[in-house]
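> Sequence plus the predicted model coming up.
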Amino acid sequence: MKQIAAACLLYATSALLGQSAGQVAPNGKLLELGQYCYTLTTSKDGITKPIGVTFQSISRERIQGVDALAIVVHQHTLNGKFDVRDSFLLRRDDLRPIRFDTDRNGFPHVHLDYSDRHISGWKMVGTTKMPIDVELSGPVWDGNLWGETFAALPLKAGLSITLPTYQYDSGFGMFFVDALDQHRESAPSGTVQAWRIKAGPSRSKQIDYIVSTHPGLEIGYNAGPGSQYLGGNCSAVK
């Protein structure tokens with residue numbers, strides 16, 4: 001009952017902000033298909049060094065008559081202490097989730113199946129598989145997919161967007177996205193037009209993101225000492 005009440009609160013909050021979930025739905029048709037590699041870095045005392053890579057792939061699939069996108073996000077640190085592979089199956093028209101799986105260090109960690117009114121699945125807590133069974137009062141987006149969700153939003157300068165989310169550890173929440181401005185950004189393929197945005201699970205926890213326009217693609221983010229930018233070698237972590 002607490003989870004249902006939380007979901008109702010999310011949609012009431014969205015309405016008060018003047019943005020309904022339907023108005024701000026991402027459009028997966030705006031995203032650029034392909035495979036991409038990002039370099040993870042950290043900065044200390046003015047020195048920036050690589051600490052890992054993130055492999056991402058975006059492909060189009062048809063699942064039981066539904067036009068869908070399959071997105072893989074695989075993060076791996078160079079010291080081998082962190083390896084997480086998230087696999088998303090999403091409706092292409094609005095990026096609403098159909099299925100989510102995540103592996104940690106090569107072992108299954110979470111599985112979720114989404115319907116219009118229900119989320120079911122499990123997550124590992126230590127060595128125990130704990131069931132997940134959540135009722136929905138309206139649409140939600142998967143809270144684990146950040147950059148590509150933002151790249152698919154209908155951004156324009158000065159626009160503030162809230163998007164209801166569900167994340168397997170934290171439950172119901174919101175993405176708060178503020179579009180700042182456009183600029184020309186360097187990328188491995190050349191210079192691209194890009195949005196500079198702030199995004200996060202609350203206004204106080206936003207980080208700087210850069211996403212390209214037409215087609216949309218995550219270029220990178222800056223989260224204080226940690227950052228991620230397009231470019232690198234992901235041959236070992238696809």
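It's in. Computed from a prediction, not measured in an experiment: that's the story for all the values here.

> Quick check: the residue sitting nearest the centre point of the chain vs residue 197, distance?
Nearest to the mean C-alpha position of the chain, by CA atoms, centre = their mean, lies residue 145 at 1.6 Å. Note on residue 145: its distance to residue 197, by CB to CB, to the nearest Å, is 15 Å. For the C-beta atoms, the positions are set from N, CA and C on the backbone; glycine is no exception.

> tell me the pLDDT at residue 18?
With respect to pLDDT, residue 18 scores 35.

> Other residues contacting stretch 218-228?
Defining contact as CB atoms under 8 Å, 6 or more residues apart in numbering, one finds that stretch 218-228 is touched by 38-44, 48, 54, 56, 146-148, 150-151, 185, 187, 192, 194, 207-212, 229-230.

> Show me just the buried residues among the residues you listed.
38-41, 54, 56, 146-148, 150-151, 185, 187, 192, 194, 208-212, 229-230 (16 or more other CB atoms under 10 Å).

> Among those residues, which ones are in helices?
147-148, 150-151 (DSSP state H).

> and the closest residue to residue 232 other than its chain neighbours, what are its bridge partners?
In space, and not counting its chain neighbours, residue 232 is closest to residue 39: 3.7 Å by CB to CB, 6 or more residues apart in numbering. Taking DSSP bridges, one finds residue 53, residue 229 as the beta-bridge partners of residue 39.

> try the one 4 residues further on
For residue 43, the beta-bridge assignment (DSSP bridges) gives partners residue 48.

> Over to the residue in the chain sticking out farthest from the centre: give its phi and psi.
What lies farthest from the middle of the chain is residue 45; by CA atoms, centre = their mean that is 29.8 Å. According to degrees, to the nearest 10, the main-chain angles of residue 45 amount to phi 50, psi 40.

> Same check on residue 203?
Taking degrees, to the nearest 10 as the convention, residue 203 sits at phi -60, psi -30.
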